[in-house]
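Participant: Got a predicted model here, sequence first, then my questions.
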Amino acid sequence: MKPQVSREPNGNINVFVGGAYQRLSHDKATALLQQLAEALRLPYSEGIAQFAGRVLRAHRPDGLPDMVGDVDGGTLQELALECALIEPFVCPPQGCCEACVCEADDRCYRLSSTGRALVDFSAQAAAEVGL
């Protein structure tokens with residue numbers, strides 16, 4: 001059984017699971033969640049969920065307000081790489097962008113397709129509330 005999800009032009013989400021009640025494996029449940037997120041135009045991957053959890057755990061290791069830590073940019077980059085929100089590439093001789101300060105053949109990082117979808121989604125959400 002493969003769950004099927006689609007979006008109607010009016011915005012309704014159609015979900016077919018093959019019965020009123022169906023027990024789903026982790027992989028099938030994840031596939032269904034990803035299809036629902038896509039139909040709802042929400043970026044989602046296990047990497048996004050893992051990244052959020054890891055950042056919160058780094059900031060508040062015990063979950064209590066008395067143990068607030070600092071999460072530096074290096075840690076954020078490492079977590080984003082581990083969660084597939086950024087991906088490495090080798091910097092070309094002319095640089096990777098106008099502001100590039102890397103040398104040719106340096107290892108650089110760019111947003112993965114999931115990372116780009118997440119950034120685009122957050123920018124759209126911010127624009128909708130006037131930020």
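Facilitator: Done, it's in.
Participant: all contacts plus neighbour counts: C-alpha atoms, from now on.
Facilitator: Fine.
Participant: Let's check: the centremost residue of this structure is which one?
Facilitator: Nearest to the mean C-alpha position of the chain, counting by CA atoms, centre = their mean, stands Ile48 at 3.4 Å.
Participant: isn't that residue right up against Leu85?
Facilitator: Yes - at 7.3 Å, Ile48 and Leu85 qualify as touching, with contact defined as CA atoms under 8 Å.
Participant: At which residues are the strands of this structure located?
Facilitator: Under the criterion DSSP state E, strands of the chain are mapped to 4-7, 13-16, 86-90, 107-111.
Participant: what about the chain, any weak spots by pLDDT?
Facilitator: 1-3, 11-13, 17-25, 63-65, 129, 131 (pLDDT under 70).
Participant: Looking at it, which helix is longest?
Facilitator: helix 113-128 (DSSP state H).
Participant: so where do the helices sit in the chain?
Facilitator: 26-39, 46-59, 73-82, 113-128.
Participant: Which one of these lies nearest to Ala104?
Facilitator: helix 73-82 (20.8 Å; CA to CA).
Participant: tilt between the closest one and strand 107-111?
Facilitator: Angle of helix 73-82 versus strand 107-111, following axes from the mean of the first three to the mean of the last three CA atoms, to 10 degrees, is 70 degrees.
Participant: tell me the angle helix 73-82 makes with helix 113-128.
Facilitator: Going by the same axes, to 10 degrees, helix 73-82 makes 120 degrees with helix 113-128.
Participant: what comes into contact with helix 73-82?
Facilitator: Phe51, Arg54, Val55, Ile86, Glu87 (CA atoms under 8 Å, 6 or more residues apart in numbering).
Participant: Tell me the one among these nearest to Gly69.
Facilitator: Val55 (10.3 Å).
Participant: sorry, back to before: okay, angle between the longest helix of the chain and helix 46-59 too, please.
Facilitator: 70 degrees.
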